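Asker: Sequence first, predicted coordinates after that:
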Amino acid sequence: MISEAMRELGAQGNPMRVLFEYGKKRAAEIGAENVLDFALGNPSVPPPAQVNEVILEVLSGERRDSIHAYTSAAGDLEVRDTIAASLNRRFDAGCRGADLFLTCGAAPALCACLKGLCCPGDQFIVITPYFTEYRIFIQGAGGETVEVPAQRDTFRLDIPAIEEALSPRVKGVVINSPNNPSGVVYPRENLDALGALLRRKGEEYGAPIYLISDEPYREVVYDGVEVPWVPHCYENTLVCYSYSKAISLPGERIGYVLVPPSMADHDAVYQAVAGAGRAVGHINAPSLFQQVAAACDGMVSDLTAYTVNRDLLYSNLTALGFQCVKPEGTFYLMMKSPEPDAAAFSKKAMELDLLFPDTGSFSCPGYVRIAYCVPTSRVEQSLPRFARLAQMYGLSGEN
Ligand code: PLP
């Protein structure tokens, strides 16, 4: 007898990855140059040069004989102190290295927070559309997911709708800004309003409601848009960060949970996060990349290609008559399906070897997500195929 729930999860795969695997198969049949794959959020721009410099320095320097050894379970304290100093410089975060728990990216950071906070019967609010895996992480922590839609025009937080979903059973709210898949960045007043609501309701219920802020795209923004430091908007915020996107290191698995000093019951919450990491074996993030994180915190890959891709796609797709949400950050563009069944639209695009998933798995039916973290030449190559799609649906620029 094995866990049927886990077997099912393993057998399904995440829909983006299923499409990505299809793309690889199709590339073997018709040539990679003919498949335009916008399925996966795999950064296409290289990491900043400093990343490789740090790696080479560490491998040839004083630490070369010990770099592959275990560190403290939460990560090397010197590394955590350096990251904390960077957060204090950049955001006035007022944190210490001892507030950080280093993880293998944002996914285990989220799992550690959810498992650390969740007691039997607890619920967690997520904002639709949301990163597909939240539901699975919450389920894995033993919690229940409560979906609250974002505002449909702006895709920002809908504060009255969140208030309606709050009850004494809600242990936490998970937010993600810059947002995957909408590309929207929540402005300060929106986050302040959420903070005020959670503070008021926490007082009413006599227990804090935790905010879990998932921020792997924190630095991937356009036109200088502000990404507020969420713990300044609400004191009981756990920050989940990853170096996967801003410095293009998704395969190296490095990130952190920050439990800021402002957190109610700070020490207990930090210990619960660390204990949850321990319970699932997620301790001691990769030692070499801990060093990279310390040296490169706050750096950003050259985002020029993403900016060009965003502008090319947004201007051309809207000119063709598609309705798109203009991304303020991330490298995803959400586009309304021209037919009610977005999965059918995505299938039709597949016939043109244009691969992008519908957003049903993000609990936001009726849209598709285009991951434009690809070389600009691929975006240029895709435009005639999008034009054919528009023609197939009878769209015109006047729509
Ligand atoms: N959260 C969001 C919103 C994401 O888009 C992703 C990855 O795409 C993750 C978390 C997981 O990030 P990581 O690769 O650092 O585990």
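Answerer: That came through, no problem. Numbers count the residues shown, from 1 in each chain.

Asker: Show me what from the stretch 251-399 of the chain comes close to the ligand.
Answerer: When proximity is defined as Cβ under 6 Å from any ligand atom, the stretch 251-399 of the chain approaches the ligand at Gly255. In short, each C-beta sits where N, CA and C put it, glycine included.

Asker: Sorry, wrong one. I was asking about the stretch 101-250 of the chain.
Answerer: Gly105, Ala106, Ala107, Phe131, Asn176, Asn180, Asp214, Pro216, Ser242, Ser244, Pro250.

Asker: do you know how far the last one is from Val79?
Answerer: So that's Pro250. Using Cβ to Cβ, to the nearest Å, we find Pro250 at a distance of 20 Å from Val79.

Asker: Compare the two (neighbour count), which wins?
Answerer: Val79 (26 against 18; other Cβ atoms under 10 Å).

Asker: Check which helix or strand that one maps to.
Answerer: helix 77-91 (DSSP states H and E).

Asker: which strands and helices sit next to that helix?
Answerer: strand 100-103, strand 255-258, helix 287-296 (3 or more Cβ pairs under 8 Å, 6 or more residues apart in numbering; DSSP states H and E).

Asker: For the stretch 51-200 of the chain, which segments are assigned as strands?
Answerer: Remark: strands assigned in the stretch 51-200 of the chain by DSSP state E, counting those that start in this stretch are 100-103, 123-128, 144-149, 170-176.

Asker: Describe which strands the longest one pairs with in its sheet and in which direction.
Answerer: This means strand 170-176. strand 123-128 (parallel), strand 210-214 (parallel) (DSSP bridges).

Asker: In the stretch 51-200 of the chain, what residue spans correspond to helices?
Answerer: 77-91, 106-117, 133-141, 159-165, 188-205 (DSSP state H, counting those that start in this stretch).

Asker: okay, those helices in a markdown table with mean pLDDT and distance to Ala342 next?
Answerer: Converted to a markdown table, those look like this (pLDDT from 0 to 100; distance: least, Cβ to Cβ, whole Å):
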| stretch | mean pLDDT | distance to Ala342 |
| --- | --- | --- |
| helix 77-91 | 98 | 37 |
| helix 106-117 | 98 | 25 |
| helix 133-141 | 96 | 18 |
| helix 159-165 | 98 | 22 |
| helix 188-205 | 98 | 26 |
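
Asker: could I get those as a markdown table with distance to Pro365?
Answerer: Below are the helices of the stretch 51-200 of the chain laid out as a markdown table (distance: least, Cβ to Cβ, whole Å):
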| stretch | distance to Pro365 |
| --- | --- |
| helix 77-91 | 36 |
| helix 106-117 | 24 |
| helix 133-141 | 15 |
| helix 159-165 | 17 |
| helix 188-205 | 24 |
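
Asker: Ranking those by mean neighbour count, which comes first?
Answerer: helix 106-117 (a mean of 26; mean count of other Cβ atoms under 10 Å).

Asker: Report all helices and strands that that helix contacts.
Answerer: Using 3+ Cβ pairs under 8 Å, 6+ apart, helix 106-117 sits against strand 100-103, helix 133-141, strand 170-176, strand 210-214, strand 237-242, strand 255-258, helix 266-279.

Asker: check contacts around Thr359.
Answerer: By Cβ atoms under 8 Å, 6 or more residues apart in numbering, Thr359 lies in contact with Pro129, Pro181, Met334, Ala342, Pro365, Gly366, Tyr367, Val368, Arg369.

Asker: now stretch 165-180, how far from the chain's geometric center?
Answerer: Put simply, stretch 165-180 sits 14 Å off its chain's centre (Cα atoms, centre = their mean, to the nearest Å).

Asker: ok now stretch 129-138, how far from the chain's centre?
Answerer: 10 Å.

Asker: just use 58 as the starting number from now, easier for me
Answerer: Let's use 58 as the start, then, which means that last one is stretch 186-195.

Asker: what residues does it touch?
Answerer: Against stretch 186-195 from outside (Cβ under 8 Å, 6+ apart): 66, 71-73, 164, 167-168, 171, 175, 181, 183, 201-202, 204, 207, 212, 231, 233, 236-239, 271, 391, 416, 418-421, 424.

Asker: before we move on, back to that, can you tell me which of the residues of the stretch 158-307 of the chain next to the ligand lies nearest to Lys82?
Answerer: Pro307 (21.7 Å; Cβ to Cβ).

Asker: Mind pulling up the pLDDT for the nearest residue to the closest one once chain neighbours are set aside?
Answerer: Leaving aside its sequence neighbours, Pro307 sits nearest to Ser301 (Cβ to Cβ, 6 or more residues apart in numbering; 3.9 Å). For Ser301, the model assigns a pLDDT of 98.

Asker: what's near enough to touch Ser301?
Answerer: Per Cβ under 8 Å, 6+ apart, neighbours of Ser301: Pro100, Gly162, Ala163, Pro273, Pro307, Gly312.

Asker: In contact with Pro72, which residues?
Answerer: By Cβ under 8 Å, 6+ apart, the residues touching Pro72 are Thr189, Pro414, Gly417, Ser418.

Asker: and Lys404, what helix or strand is that in?
Answerer: Counting by DSSP H and E, Lys404 is found in helix 399-408.
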